[in-house]
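J.: Below is the sequence, then the predicted model.
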Amino acid sequence: MKEKPAQGPAQNGPENAPSGQDGEVAPPVSAGPAETTELGVDDIRRALSARAARPGATDERLDAERDARSYLSRFAQSRITGERVYGGDHIEVLLGQGRRSVRAYQLSAQDVDLVSSAFLPPASYDDLLRDSEPFRVVLLSGARGHGKYAVAQRLLLERGHATLQCLEPDADLTRLDESSLRPGHGYLLQELGPGGTAAPLTGFELHRLNSVMRAKNCRLVITLRDGVRTADPELGKQTFQVNGPPAPWDVFERHLRWWLGPQRSRRAEELLRAPQTATLFTEAQSAGRSLARAAENARLLSESSAAPADAVRQVREHGSVRDAEEFEKWFNGLDDLPTQCVALATAVFGGEAYETVSALATSLGRRLQPPPTAEHPERPRNEAVVATRATRLRRLNASLVGAQVASRHGGVPAKVVRFDDSRMAARVLQNVWEEYDTLRHELPGWLKACAGHELATVRTRAAVAVGFLAELSFDSLRTGVLQPWARSPVRALREAAATALVIAAETPELAAPVRDLIQAWASGDAVLRATAARAWTALRRSGAGSADEAVALLDTLAATDSAEIIEAICLGVTESLAATDGHEARDALHLLRHWISRRDVQRRTVGELSFLFAAADLLEDMSADGGGTHRRWPKLLALATRDPVHQRDIALLWDAVLQSPETYEAATQVLTEWARMVDADATGRRALARLLHAAAPTDRSRRFLLRHVATWNTPDSRAARSAGQILSHFDSKGSTP
């Protein structure tokens, strides 16, 4: 694909802009993910209109990536005590509204009663309870298996929080504010560690969370992953050690008696005296199992009505699914190919609707098994269909959870499928890759097909799976998957290559190979350079000094007329501005300012289009004045409101795109959508007025801006209140901003 020459200026520049239009956007021109039509810069300008009319695509993709990373993390911990199912008899809730919400689930009354009645305190509990009393956010540290999560639950109950909610493992704590909390509830976050949340926990953020929790009479208890140390002194003040755990046998006995209840006390005695029970418990101790495993074994044993020997055997078989040495027996025990395919599809695409996962599993089965013939039919004539969804999920130890999922025409309610044990996804995928040659041979081709799926969330999960596998076999994945994806004319596959590298780059041993690969692509043809531009965040996160290297790479690639490279830079910069890492957003804004201030027409055009992509697409949920429902703002407006340096940068960028003949028309369309979004929000209107006042530093820029704002000042514009606020603000400040 040769590079195309730059397009001429748009017809509607600042001096001949339409004076009577309300900024109506052009219809979308993008095709499906497999579209390979050569792009032009005019196509990118038109795509801006589509993004402004329906923003949020980047947020949706990043949310899917975070969920997939959490689900497929090989270090993922069970979400609740005893490794019980996420969902099931638990109530899943959203803290906040929209795609930027934090997922959580409410612990059932049974869970609360269990920790109230069967809890055994560690030796340090009384001191911990006394010393943590002043704080609304408490961090618990201690060795794995010391019962930190049970202590966290009990601590909240003792503080009077009768309703407990557990946050998703990678919850973005910056999204928790007064409007997203339920008054009086207690909140839990398990196994916080490096990269464990969407944003790092700092002393400043901890101070904010304390204030937010106190205002709503809530508390948050966070358990730290084994070995994590809190260097920040502010964090250290609210971190408490869990020491002196109870004896595992005592935990086992207490939980067994609770599950059986007083009416079945004789059954409890029978099981406790059985020599097979002691053997099961000895095996668990020798394997270094945690208190959670002792509690889980007690629950499983209580559910069996068989003789003690048979009951213990059943518990041992259930546990074998989690034990690495027994995993192969479990997977081989899935005695039909469709169920094995569903297991692998659940490992990669857990969190998608069951119907989607099932269809993807079927496509994998077709790759592994030749199509049926008359002589060898796939299913004999008139044979009954007996493999029900419920039966298959029971065999896989998986469950369905109600959730909002993406569809081609927007979010819809559905039942998503996940493994009950959050560690199973990584174990299935890793074991299949390392031990099953036939499956490993077909896996790259299947993931490549999935990476071209019509749903962006499916494409993202396929890419995350490739990044996970790259940690196991980087050279194999590089030649078999990443290189073909990087050279593909299909944009979705190039995006998948970039996402996979973001995952792989976080493994220290792969940081150098990832950097070398991206630099090699950057010196290739236009398609490879577009992939390198799309992967700039992977380069940025690949180790010390990588941020400067990534900025230099993108600056070099921006000297181009290739629409493919320009589009890739626009998407990569937009994702950086969406990142919760403030340094990444700062670097992206500084790079955009650098580009638009240069006489280099190519870089200036790339900078203007990249800024408008981010301005059109990124959203942020803001808490309403005095609590209540969330308000949705353009994310760049929210950044400008919080940080005066960001406000200066974003104002200068708005001034540039509104003054540019090449981007004026698209800029006014995006700005109109901003005004409509905050029109019903007095705080948002004031913030927009302040930003635009800073974005008009000259009489000329002020004249162009206000002429466009005046077109909103009609009853049917949906931005009339924003127009009035802006015009009033300029009048009050005088002619000079």
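T.: Sure, I can see it.
J.: hey, where'd the strands end up in the stretch 51-200 of the chain?
T.: Ranges of strands within the stretch 51-200 of the chain are 91-95, 102-106, 137-141, 164-167, 186-192, based on DSSP state E, counting those that start in this stretch.
J.: least reliable of the ones you listed going by mean pLDDT?
T.: Looking at the strands of the stretch 51-200 of the chain, the lowest mean pLDDT belongs to strand 91-95 (a mean of 48).
J.: Would you mind identifying the next helix or strand past the helix or strand in which residue 571 is found?
T.: Secondary-structure element containing residue 571, defined by DSSP states H and E: helix 563-578. Toward the C-terminal end, the helix or strand that comes next after helix 563-578 (DSSP H and E) is helix 582-596.
J.: what angle do that following helix and helix 563-578 make?
T.: Here helix 582-596 runs at an angle of 140 degrees relative to helix 563-578 (axes from the mean of the first three to the mean of the last three Cα atoms, to 10 degrees).
J.: Residues contacting helix 582-596, please?
T.: With contact meaning Cβ atoms under 8 Å, 6 or more residues apart in numbering, helix 582-596 is reached by 537, 540, 547, 551, 554-555, 558, 573, 576-577, 579, 603-604, 606-608, 610-611, 639, 645-646, 649-650, 652-653, 656. From N, CA and C alone the C-beta is placed, and that goes for glycine too.
J.: From those, list the buried ones, please.
T.: Buried by 16 or more other Cβ atoms under 10 Å: 537, 540, 547, 551, 554, 558, 573, 576-577, 579, 603-604, 606-608, 610-611, 639, 646, 649-650, 652-653, 656, out of the contacts of helix 582-596.
J.: what does stretch 456-465 contact?
T.: Contacts to stretch 456-465, defined as Cβ under 8 Å, 6+ apart, come from residues 33, 57, 60-61, 64-65, 68-69, 72, 347-349, 351-352, 356, 360, 405-406, 429, 447-448, 450-453, 492, 495-500, 503.
J.: Equivalent analysis for stretch 469-476, please.
T.: So stretch 469-476 is contacted by 429-430, 433-434, 443, 477-478, 482, 500-501, 503-504, 507, 510, 513 (Cβ under 8 Å, 6+ apart).
J.: Could you give me the buried positions within it?
T.: Neighbour-count burial for stretch 469-476 [16+ other Cβ under 10 Å]: 469, 470, 471, 474.
J.: Mind checking the pLDDT average for that stretch?
T.: In this model, stretch 469-476 has an average pLDDT of 89.
J.: Tell me where the stretch 551-700 of the chain is predicted with low confidence.
T.: By pLDDT under 70, the weakly predicted segments of the stretch 551-700 of the chain are 580-581, 623-630.
J.: what ranges do the strands span in the stretch 601-737 of the chain?
T.: 619-623, 630-634.
J.: Partner strands of the first one, with direction?
T.: Paired with strand 619-623 in the same sheet, following DSSP bridges, are strand 630-634 (antiparallel).
J.: I'd guessed residue 338 sits against residue 359; true?
T.: No. Using Cβ atoms under 8 Å, residue 338 is not in contact with residue 359, being 11.9 Å away.
J.: just to revisit the earlier point, just the buried ones among the contacts of stretch 456-465, please.
T.: Buried among the contacts of stretch 456-465 (16+ other Cβ under 10 Å): 33, 57, 60-61, 64-65, 68-69, 72, 347-349, 351-352, 356, 360, 405-406, 429, 447-448, 450-453, 492, 495-500, 503.
J.: Tell me which of these fall in helices.
T.: 57, 60-61, 64-65, 68-69, 72, 347-349, 356, 360, 429, 447-448, 450, 492, 495-500, 503 (DSSP state H).
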